[in-house]
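Enquirer: One predicted model, sequence on top.
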Amino acid sequence: MNTPFLPLSKPSITEGEIAAVAEVLRSGWITTGAKNAELERTVCEITGAKFAVALTSATAGMHLLLKALNIGPGDEVITPSMTWVSTANQIELCGATPVFTDVNRHTLMVEADMIEPLITERTRLIVPVHYAGASLDLDPLRALAERYAIPLVEDAAHAMGASYKDQPTGQSGTAIFSFHPIKNITTGEGGMFCSEDGQLADKIRQLRFHGLGVDAFDRETQGRAPQAEVIVPGYKYNLPDMNAVLGIGQLARLDAMNQKRAEIAHTYLEQLKEIDEIEPLQLPEYKMKHCWHLFVIRLDIERLAMNRDSFMQALKDKQIGTGLHFRATHTQKYYREKYDISKTELPNTEWNSERICSLPLFPDMTMEDVQRVVTAVKEVIAEK
Ligand SMILES: Cc1ncc(COP(=O)(O)O)c(C=O)c1O
């Protein structure tokens, strides 16, 4: 019998969630409406955020944020290179300049003392990333941002269900979550802009739907008043209700799904600890709750005499999927050619960019699946 392919990730969707989506499809109202409002309310309840605006993606959230803050040519935004390309792309598309910071070599997260030397009079925004589901060390980052009076917005794409010093991610400040299918909860595609700043949330809400003075959905009329007026030119990033309803079902299972992710991650940590050629990311020492979005290992490519891409291919040959989170943004063609950042400028980012690899991690994985991954990893190393 052929062994089935084990993917890096697979969304966990229940029959109840499928039925809820079907119900919206049959209801006569499938775009932004009551289910969006419920999803936003539920995210506020779970995270403690004061305001939440549902969007079609986290990338849309970053785009609207840059617009809401009026960031454009001549402005600089500090963000790690070790992240998904969407942040730098949006900064570029606004005509501003991404200023790439290095990250901690073993957590892949930005620290305040790495950011401070990069601050100039042009710096308009700082976007650190809660990496892989661990929380950033927010106190020093917030103190730095406050000292220089620069907005700090957390990229929380990986962090639904994480917390820092008992405070859920998204509760204070401003954070943008992603609900892409690989994430801890999904709406198919989607994202959520959370903020304690009501004015900023209102701007995002307005820009999300053409810049109209009222929302897409009026609870009284079950529609949008045709007289709605454009206050500023806006975009079209509103989430359909058929997506939002899936997110409501997913959020009801967030704790259970994250608990399963944690069990899998701890099994990996235990079973891989004897393998010298592999080093998982380190857990931060400050108090935080990991929501285990990703399980990232680094390969000792010198000792293995094998590069990361060959390692990924060898696992694929054994029917195991892996991922790369991330190839550093500054090494991508466009950024490499435009900014020509030297190899030594972001040493921890460069070092990890060549060595990282994400192993399968998703709630519906069985412990037999985890064993398959561990066995395959050991075989690849033994066969090198
Ligand atoms: C760190 C990080 N930021 C932002 C994003 C963008 O999220 P979305 O796909 O919802 O636009 C991702 C997506 O993978 C991500 O990993």
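Expert: Okay, I see it. Residues are numbered from 1 along each chain as shown.
Enquirer: for the stretch 151-300 of the chain, which spans come out with low pLDDT?
Expert: By pLDDT under 70, the low-scoring segments of the stretch 151-300 of the chain are 214-226.
Enquirer: Residue 229 is in contact with residue 211, correct?
Expert: No - between residue 211 and residue 229 no contact is recorded; they are 9.2 Å apart, counting by CB atoms under 8 Å. C-beta here means a position set from N, CA and C on the backbone, and glycine is covered the same way.
Enquirer: Would you mind giving the secondary structure of residue 77?
Expert: Per DSSP: H, G, I helix; E, B strand; the rest coil, the local secondary structure of residue 77 is strand.
Enquirer: before we move on, back to that, who's more crowded, residue 211 and residue 229?
Expert: A count of neighbours by other CB atoms under 10 Å puts residue 211 above the other of residue 211 and residue 229, at 16 against 9.
Enquirer: gap between residue 171 and residue 254?
Expert: 15 Å (CB to CB, to the nearest Å).
Enquirer: where does residue 46 fall, helix, sheet strand or coil?
Expert: The three-state assignment at residue 46 reads helix, by three-state DSSP.
Enquirer: tell me the contacts of the residue nearest to it when sequence neighbours are not counted?
Expert: Spatial nearest neighbour of residue 46, excluding adjacent residues (CB to CB, 6 or more residues apart in numbering): residue 251 at 6.1 Å. For residue 251, the contacting residues are 39, 42-43, 46, 185, by CB atoms under 8 Å, 6 or more residues apart in numbering.
Enquirer: Out of these, which is nearest to residue 80?
Expert: Within those, the smallest distance to residue 80 is 23.7 Å, found for residue 185 (CB to CB).
Enquirer: Skipping adjacent residues, who's closest to that closest one in space?
Expert: With CB to CB, 6+ apart as the criterion, residue 185 has its nearest non-adjacent residue at 3.8 Å, and that residue is residue 250.
Enquirer: Can you tell me what sits against the helix or strand harbouring residue 378?
Expert: According to DSSP states H and E, residue 378 maps onto helix 367-383. Under the contact criterion CB under 8 Å, 6+ apart, helix 367-383 has outside partners 3, 6, 264, 267-268, 271-272, 275, 277-278, 304, 311, 314-315, 318-320, 359-360.
Enquirer: one step back: mind checking the SS state of the residue nearest to residue 46?
Expert: Taking three-state DSSP, the label given to residue 251 is helix.
Enquirer: Tell me who's in contact with the residue nearest to residue 185.
Expert: 17, 179, 185-187, 257.
Enquirer: now do 7 Å
Expert: By CB atoms under 7 Å, 6 or more residues apart in numbering, the contact list for residue 250 reads 17, 185-186.
Enquirer: Could you grab the helix/strand/coil label for the spatially most central residue of the chain?
Expert: Centroid-nearest residue in the chain, with CA atoms, centre = their mean: residue 157, separated by 1.9 Å. When classified by three-state DSSP, residue 157 comes out as coil.
Enquirer: Look up phi and psi at it.
Expert: Main-chain torsions, residue 157, degrees, to the nearest 10: phi -50, psi -30.
Enquirer: That one contacts residue 175, correct?
Expert: No - with contacts counted by CB atoms under 7 Å, residue 157 stays clear of residue 175, the gap being 9.5 Å.
Enquirer: Return the residues of the protein in contact with the ligand.
Expert: 57-59, 83-84, 86, 129, 155, 157-158, 178, 180, 191 (CB under 6 Å from any ligand atom).
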